[in-house]
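1. Build me a structure from this.
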Amino acid sequence: MSLSDYYLGIDIGGTKCALIAGTEQMEILHRVQFATHTVNGPDYAITKILESITELQKKFKERHLKAIGISCGGPLNSKTGIIHSPPNLPGWDNISIVDIIKEKTNTPTFLQNDANACALAEWKFGAGKGSNNMVFLTFGTGLGAGLILDGKLYTGTNDNAGEVGHIRLNNDGPIGHNKAGSFEGFCSGSGITKLAQLKAEEELNKGGKLSYCESYDELQGITTLQLANLANAGDKDALELFNISAKKLGIGLSIIIDMLNPERIVIGSVYARNPQLFNGLTSEIIEKEALAGSWNVCKIVPAELGDKVGDFASLSVAIDGYSRLT
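-> Coordinates of the predicted model:
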């Protein structure tokens with residue numbers, strides 16, 4: 001690759017969009033960010049994206065743009081390059097985003113959902129570096145997975161591979177992925193908050209209270225950050241919630257380990273910021289549940305890229321897509 005080559009990443013989110021120019025070594029050359037303003041519909045953000053691309057191409061006119069990568073919440077189809085009505089992007093119904101950008105730039109353009117894009121980033125530049133079989137779990141607002149199998153991103157027949165949040169771990173419990181007792185219901189930021197609300201309401205109905213919620217008025221104000229801070233300080237009510245989540249994480253990971261036999265499982269967001277609240281109980285459950293031969297070759301590690309992951313993810317989609325062309 002010539003030193004004058006560069007890639008462009010586009011990170012489309014419900015709150016903001018970012019465009020990142022960078023090299024194959026993940027040197028960030030320039031970054032532009034603006035509000036998505038979903039109330040204005042997709043045309044507003046797409047117009048801003050195209051204008052920003054034009055400005056970046058002018059800024060780097062001495063360099064060659066090799067490929068463009070787009071990271072966006074699903075559902076979407078990476079093969080056709082179409083975004084299909086993501087819940088965080090109202091109005092983005094069947095948007096042929098890849099064709100729109102290719103027509104404007106005449107540059108190879110690739111699309112992946114954000115979990116797959118983050119998996120590529122952590123695999124190439126973060127905690128999964130050097131592995132050949134890796135599973136990345138988001139553990140943020142929701143729970144999704146990106147799968148690197150035999151050194152390649154695996155997306156499934158129609159981009160539904162890795163929807164592990166939908167697996168039911170219990171007959172009841174917090175709702176995640178529209179399913180009570182799901183993996184996402186127990187192992188996501190929103191899931192832990194819902195679990196806390198369920199426990200608090202149950203206690204309030206009995207005339208009691210919990211440390212993180214002393215009245216019905218406080219139910220909706222509970223946050224995962226508040227609960228994690230309390231748990232890290234040794235609060236028993238908050239610790240009970242994270243112990244439940246840690247055990248369910250162990251069950252969910254045991255299924256993944258038995259099915260995919262990965263050498264590394266990289267977990268982001270809530271887990272990455274608080275591995276100490278999960279590791280002991282999670283490992284204890286895996287020890288009992290997973291095949292010993294598969295568990296012995298698998299490491300569970302926190303994601304490394306932190307706040308940089310969105311930028312690295314979209315650029316990784318561009319770099320990975322281009323590598324598959326050549």
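2. any idea which helix is longest in this structure?
-> helix 236-260 (DSSP state H).
3. mind listing what the next helix or strand after it pairs with, with the direction of each?
-> Counting by DSSP states H and E, the element after helix 236-260 in chain order, helix or strand, is strand 264-267. Strand pairing for strand 264-267, using DSSP bridges, gives strand 134-137 (parallel), strand 299-302 (parallel).
4. Name the residues of the last one that are buried.
-> It stands for strand 299-302. 300-302 (16 or more other CB atoms under 10 Å). No exception for glycine: its C-beta is placed from N, CA and C like everyone else's.
5. export these to CSV and tack on distance to His84?
-> Below are the buried residues of strand 299-302 laid out as CSV (distance: CB to CB, whole Å):
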residue, distance to His84
Ile300, 32
Val301, 32
Pro302, 31
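6. List just the nearest of those residues to Ala231.
-> Pro302 (16.3 Å; CB to CB).
7. Give me the distance between the closest one and Lys194.
-> Separation of Pro302 from Lys194 (CB to CB, to the nearest Å): 23 Å.
8. OK, contacts around Pro42?
-> Pro42 is in contact with 89, 91-92, 95, counting by CB atoms under 8 Å, 6 or more residues apart in numbering.
9. I should have written Val164 there, sorry.
-> 137, 143-145, 183, 252, 256.
10. next one: Gly173
-> By CB under 8 Å, 6+ apart, the contact list for Gly173 reads 180-182, 185-186, 195, 198.
11. sorry, back to before: reformat the buried residues of strand 299-302 into a markdown table and put pLDDT and distance to Thr15 next to each item.
-> What follows is the buried residues of strand 299-302, written out as a markdown table (pLDDT from 0 to 100; distance: CB to CB, whole Å):
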| residue | pLDDT | distance to Thr15 |
| --- | --- | --- |
| Ile300 | 98 | 30 |
| Val301 | 97 | 28 |
| Pro302 | 97 | 24 |
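12. Closest to Lys124 out of those residues?
-> The closest of those, once distances to Lys124 are taken by CB to CB, is Val301, at 15.2 Å.
13. Make JSON lines from the contacts of Pro42 and add neighbour count, distance to Asp311 and pLDDT to it.
-> Below are the contacts of Pro42 laid out as JSON lines (neighbours: other CB atoms under 10 Å; distance: CB to CB, whole Å; pLDDT from 0 to 100):
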{"residue": "Leu89", "neighbour count": "20", "distance to Asp311": "19", "pLDDT": "92"}
{"residue": "Gly91", "neighbour count": "14", "distance to Asp311": "25", "pLDDT": "95"}
{"residue": "Trp92", "neighbour count": "24", "distance to Asp311": "21", "pLDDT": "96"}
{"residue": "Ile95", "neighbour count": "23", "distance to Asp311": "22", "pLDDT": "97"}
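14. Skipping adjacent residues, who's closest to Phe278 in space?
-> Once flanking residues are discounted, Phe278 sits nearest to Ala246: 4.3 Å by CB to CB, 6 or more residues apart in numbering.
15. Please enumerate the strands of the stretch 101-250 of the chain.
-> 109-113, 134-137, 145-149, 152-154, 175-176, 179-180 (DSSP state E, counting those that start in this stretch).
16. If you average the pLDDT over the last one, what comes out?
-> The reference is to strand 179-180. Average pLDDT, strand 179-180: 90.
17. in its sheet, what does that strand sit against?
-> Strand pairing for strand 179-180, using DSSP bridges, gives strand 175-176 (antiparallel).
18. for the record, mean pLDDT for the strand it pairs with?
-> 84.
19. ok, residues contacting that strand?
-> 142-143, 165, 182-186, 188, 190-191, 194.
20. which one among the residues you listed gets closest to Lys124?
-> Closest to Lys124, out of all of those and judged by CB to CB, is Leu143, at 22.3 Å.
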